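In: Generate a structure from the sequence data that follows.
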Amino acid sequence: MTIVCDGPLREVCDFGNKDGRGVAKGVTLVAHMETLLFIEDDDGIRLALSMALEDEGYSVRQAPNGTLGLESFRQAPPDLVLLDLRLPDMSGFDVCRALRAESIVPIIMITAQTDTHDMVAGLEAGADDYVTKPVVPKELAARIRASLRRMALQGKATTPLASRFGDIEVRREQGIVLKGGDEINLTKTEFRLMCEFADHAGAVLSRDQLLERVWGYEYLGDSRLVDAHVRRLRLKIEDHPDDPKLIVTSRGVGYRLMAG
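Out: Prediction:
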């Protein structure tokens, strides 16, 4: 009998100590190794981080430029993409847009430490999250786990399938948001953020709460990630994004979706 174990390969599936190894006789365990595609032109960074992530139990495919990265993705779509924004042959933003046009695969971009413009532009291009250089392998692994966990949990919510706020309608079952009856083009992260606001309409949600609930981060999140996504969401759902009436700021605390 063959049993497939989800999650990184290093995780142990315990079926009882039947043969001295924790596995019943006659049972073959096949672990599902989650695959990452790492698009990065710096050989040293790419190799070092790939080795660290393989130690965390992931299978890592590598690509030194955007062209080869897109080819690798199309040949065998991975579970998650790590994308450096500064590539030699094409813009990382263009790679991100191309990936997002074809797939909802989680994308974590890698940016310069102080380049806020890159962070915002990357999120606008469709990335779900970002890390800054120099990259800390353990932090990156934690973000990868959170992104993959979010994908696994999508569609399991028990909240109402549809909610309406003025001319905005959230249809969870279809995974879309309508404005005045017309579908709005939201990224998966923007959609999760909108659902979180809809689930707590009228309540103030702090940035830390949103980081935990939407991104899955308790301690290693950056509030700029929340602010950038709220700004993008306002551009798409508000009549006047500079004077928002739906998602309003509670200064010093967070944001609130107006229920009335």
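In: Next one, pLDDT for Val131 please.
Out: We have a pLDDT of 89 for Val131.
In: Ramachandran angles for it?
Out: phi -130, psi 150 (degrees, to the nearest 10).
In: Pro78 now?
Out: According to degrees, to the nearest 10, Pro78 has phi -90, psi 180.
In: how far away is it from Leu37?
Out: Plainly put, Pro78 is 4 Å away from Leu37 if you go by Cβ to Cβ, to the nearest Å. The way it works is simple: take the backbone N, C-alpha and C, and place the C-beta from them, glycine included.
In: now Thr67
Out: For Thr67, the distance to Leu37 - Cβ to Cβ - is 13 Å.
In: Who has more neighbours out of the two?
Out: Shown here are Thr67 and Leu37; by other Cβ atoms under 10 Å, Leu37 has more neighbours (24 against 15).
In: Specify the beta-bridge partners of the more buried one.
Out: Arg61, Val81 (DSSP bridges).
In: That one touches Leu68, doesn't it?
Out: No. Applying Cβ atoms under 8 Å as the test, Leu37 and Leu68 come out as separate, 10.2 Å apart.
In: list residues touching both of these two?
Out: Common neighbours of Leu37 and Leu68 are not found (criterion: Cβ atoms under 8 Å, 6 or more residues apart in numbering).
In: For the host helix or strand of Arg164, which helices and strands make contact with it?
Out: For Arg164, the element it lies in under DSSP states H and E is strand 162-165. Counting contacts by 3 or more Cβ pairs under 8 Å, 6 or more residues apart in numbering; DSSP states H and E, strand 162-165 is packed against strand 168-171.
In: how far is the strand it packs on from where the chain is centred?
Out: 22 Å (Cα atoms, centre = their mean, to the nearest Å).
In: what does the helix or strand following it contact?
Out: Next helix or strand after strand 168-171 toward the C-terminus (DSSP H and E): strand 176-179. If you take Cβ under 8 Å, 6+ apart as the criterion, strand 176-179 is touched by 167-171, 183-184, 186, 191, 194, 236-237.
In: just the helices in this protein please.
Out: 43-55, 66-75, 92-102, 116-125, 137-153, 188-199, 207-210, 223-237 (DSSP state H).
In: mind listing what's buried in the second one?
Out: Neighbour-count burial for helix 66-75 flags 66, 69-70, 72-73 (criterion: 16 or more other Cβ atoms under 10 Å).
In: So for Glu124, what pLDDT did the model give?
Out: 80.
In: Would you mind measuring from it to Ile184?
Out: Distance from Glu124 to Ile184, by Cβ to Cβ: 15 Å.
In: And Gly175, by the same measure?
Out: 12 Å.
In: cool, and Asp167?
Out: For Asp167, the distance to Ile184 - Cβ to Cβ - is 11 Å.
In: circling back: mark which of the contacts of strand 176-179 are buried, thanks.
Out: 168-170, 184, 186, 191, 194, 236-237.
In: burial measure for Lys133, as a count.
Out: 14.
In: do the same with His200
Out: That count, for His200 with other Cβ under 10 Å as the rule, works out to 16.
In: doesn't Leu257 make contact with it?
Out: Yes. If you go by Cβ under 8 Å, His200 and Leu257 touch, sitting 7.3 Å apart.
In: on that earlier part again, out of the contacts of strand 176-179, what pair is the most spread apart?
Out: Farthest apart among these by Cβ to Cβ are Asp167 and Phe191. That separation is 17.4 Å.
In: mind showing which ranges of the stretch 51-200 of the chain have poor pLDDT?
Out: Applying pLDDT under 70 to the stretch 51-200 of the chain flags the ranges 113-115, 153-161.
In: Noted, bye for now.
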